[in-house]
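Asks: I would like the atomic coordinates for the input below:
(2 chains)
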Amino acid sequence: AQSVTQPDARVTVSEGASLQLRCKYSYSGTPYLFWYVQYPRQGLQLLLKYYSGDPVVQGVNGFEAEFIKSNSSFHLRKASVHWSDSAVYFCAVSGVQQGTGSKLSFGKGAKLTVSP
Amino acid sequence: GPKVLQIPSHQIIDMGQMVTLNCDPVSNHLYFYWYKQILGQQMEFLVNFYNGKVMEKSKLFKDQFSVERPDGSYFTLKIQPTALEDSAVYFCASSRTGGAAEQFFGPGTRLTVL
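Replies: Now for the predicted structure:
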């Protein structure tokens, strides 16, 4: 079974401050990890993904995440947030099934509000 | 970037009726997915679909659910008959390849069953 826990449902940070959104996953095999962002009335958009290699992955708009296998974590970070980063952020995990599409398991999401 | 469209954005129906949710996937994508999100809960995988067939489905994909993509048109999720517990936001996604390829998501259809 695969699952994701995002412990912080709502996060508020000031513009220009740093951000960390936490994600812990459970998956018995080799996980494929994703962060998606959802802006109001839009579909989820991929921020970044980790398959293998360097455990720190860079994404769009200055976001990065670090895969820590020993802690089963994949936290999202940004050094300096902008008001336009206000959105809902989802962490997801998948395994690879041969011959099929992937099956993403999502966390509940973290609603980020960037205050002026 | 590539966009997935979903029609309608909101649907209200009476319990027991049939509903069809429509998804217009990215044009060259071959794999299609439906996810369900009940208010306040996680988005959960329902089904994936490739080459005209369901490849994998979850326990949430009840017998009353069906999916199809006739002649490369909309990828649809049909629920017949609907139940109160089907009220949720349904997200469609598509990917160009299988495996762990990036899935592109639509904005969702909010289904309310009365």
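Asks: Contacts only, for residue B:31.
Replies: A:101, B:48-50, B:94-98, B:101 (Cβ atoms under 8 Å, 6 or more residues apart in numbering or on different chains). From N, CA and C alone the C-beta is placed, and that goes for glycine too.
Asks: Tell me the one of those residues nearest residue A:1?
Replies: residue B:48 (17.3 Å; Cβ to Cβ).
Asks: did I read that right, that closest one in a helix?
Replies: No. Counting by DSSP: H, G, I helix; E, B strand; the rest coil, residue B:48 is located in no helix; its state is strand.
Asks: mind checking pLDDT for it?
Replies: Residue B:48 carries a pLDDT value of 92.
Asks: Verify the stated contact: it with residue B:54.
Replies: Yes. Between residue B:48 and residue B:54 there is a contact under Cβ atoms under 8 Å: 7.4 Å.
Asks: Compare those two and say which is more crowded by neighbours.
Replies: In this view residue B:48 and residue B:54 are compared by other Cβ atoms under 10 Å in any protein chain shown, and residue B:48 has more residues nearby, 28 against 15.
Asks: can you tell me the average pLDDT over the host helix or strand of residue B:90?
Replies: Assigned by DSSP states H and E, residue B:90 belongs to strand B:88-95. Averaged across strand B:88-95, pLDDT comes to 96.
Asks: Past that strand, which element shows up next along the chain?
Replies: Counting by DSSP H and E, the element that comes right after strand B:88-95 along the chain is strand B:104-105.
Asks: low-scoring stretches of chain A, by residue?
Replies: A:96-101 (pLDDT under 70).
Asks: no no, chain B
Replies: In chain B (pLDDT under 70), no residue qualifies.
Asks: and it, which residues reach chain A?
Replies: Remark: the part of chain B in contact with chain A comprises B:1, B:3-4, B:31-33, B:35, B:40-45, B:48-50, B:55-56, B:58, B:91, B:93, B:95, B:98-108, using Cβ under 8 Å from any Cβ of the partner chain.
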